[in-house]
Structure formats: structure tokens, C-alpha cells
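Chemist: dropping a prediction and its sequence here:
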Amino acid sequence: MRLFVVAVLMSATVAAPAADRIQSMGHLEQCVYRARLAAAGSYTRASKTAETCEGIKILWHGDETENEIEYVRRWVCVGFESGTNPIVAGDRVYESCIKETGT
């Protein structure tokens with residue numbers, strides 16, 4: 001599971017190496033990233049590798065801003081707390097994000 005969360009996190013860092021990768025993403029990119037984070041959180045709950053959202057171990061690169069850390073934790077926890085399967089959790093977060101006018 002840890003590798004799954006790390007792979008999700010690394011995919012965004014490769015695509016956006018700016019000082020704050022979240023702020024440099026477009027709206028659609030953020031929606032996809034949120035969905036992936038939510039799916040990872042939901043998968044963690046389903047696989048019972050963490051008992052609480054705070055118990056999810058996230059491996060950081062060390063150069064993340066506070067905004068990036070908060071963003072990742074927020075959307076992983078949304079998926080974890082959804083109580084649904086990872087695909088449904090990701091789909092719901094994505095659909096909700098797409099309906100927003102901006103992030």
C-alpha cells in the first residue's frame with residue numbers, strides 16, 4: 001500500500017516541479033490528483049493498513065510546502081473516511097471537483 005501512495009504522490013511531482021506543485025496545477029489536473037489521493041485513502045481503509053486517517057503513513061520527498069502537505073492529507077483523508085471502495089471514492093471526489101468553478 002505504501003508504494004501505491006508513494007506512486008500517487010510522485011506522479012504529481014514529476015508533472016509539476018514548481019515551488020508549490022498544487023498551485024501550479026490547472027483545475028482539471030487538481031481534480032485528477034484529488035481523485036487519485038481519495039482512491040489511495042479509500043484503498044488504505046479497505047486493506048486495513050491503517051485504523052485512522054492520521055495513521056496513514058505518507059512518504060514525503062522533503063521539499064513539500066505546507067500547502068502541499070495539507071492538500072495531500074486532506075484528500076487522502078476524504079477517501080479514507082468515505083467508507084466506499086477506492087473507485088467510488090475517486091469518482092465522487094472527481095465529479096465534485098469538476099463541478100467547482102475553481103480551486
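Modeler: Structure received.
Chemist: tell me the centre residue of the protein?
Modeler: By CA atoms, centre = their mean, the mean C-alpha position of the chain lies nearest to residue 37, the distance being 2.2 Å.
Chemist: residues contacting that residue?
Modeler: For residue 37, the contact set (CB atoms under 8 Å, 6 or more residues apart in numbering) comprises 8, 72, 75-76, 78-79, 93. All C-beta atoms are positioned from the backbone trio N, CA, C, and that covers glycine.
Chemist: roughly how far does it sit from residue 94?
Modeler: 11 Å (CB to CB, to the nearest Å).
Chemist: now do residue 81
Modeler: 17 Å.
Chemist: of those two, which one has the most company?
Modeler: The neighbour count for residue 81 versus residue 94, taken as other CB atoms under 10 Å, is higher for residue 94 (19 against 15).
Chemist: now stretch 34-54: how far from the chain's centre is it?
Modeler: Distance of stretch 34-54 from its chain centroid, counting by CA atoms, centre = their mean, to the nearest Å, is 9 Å.
Chemist: same thing with stretch 95-103?
Modeler: That offset, for stretch 95-103, works out to 15 Å (CA atoms, centre = their mean).
Chemist: may I see the buried residues of it?
Modeler: residue 97 (16 or more other CB atoms under 10 Å).
Chemist: check which helix or strand covers the residue nearest to the centre of the chain.
Modeler: Secondary structure assignment for residue 37, by DSSP states H and E: helix 27-46.
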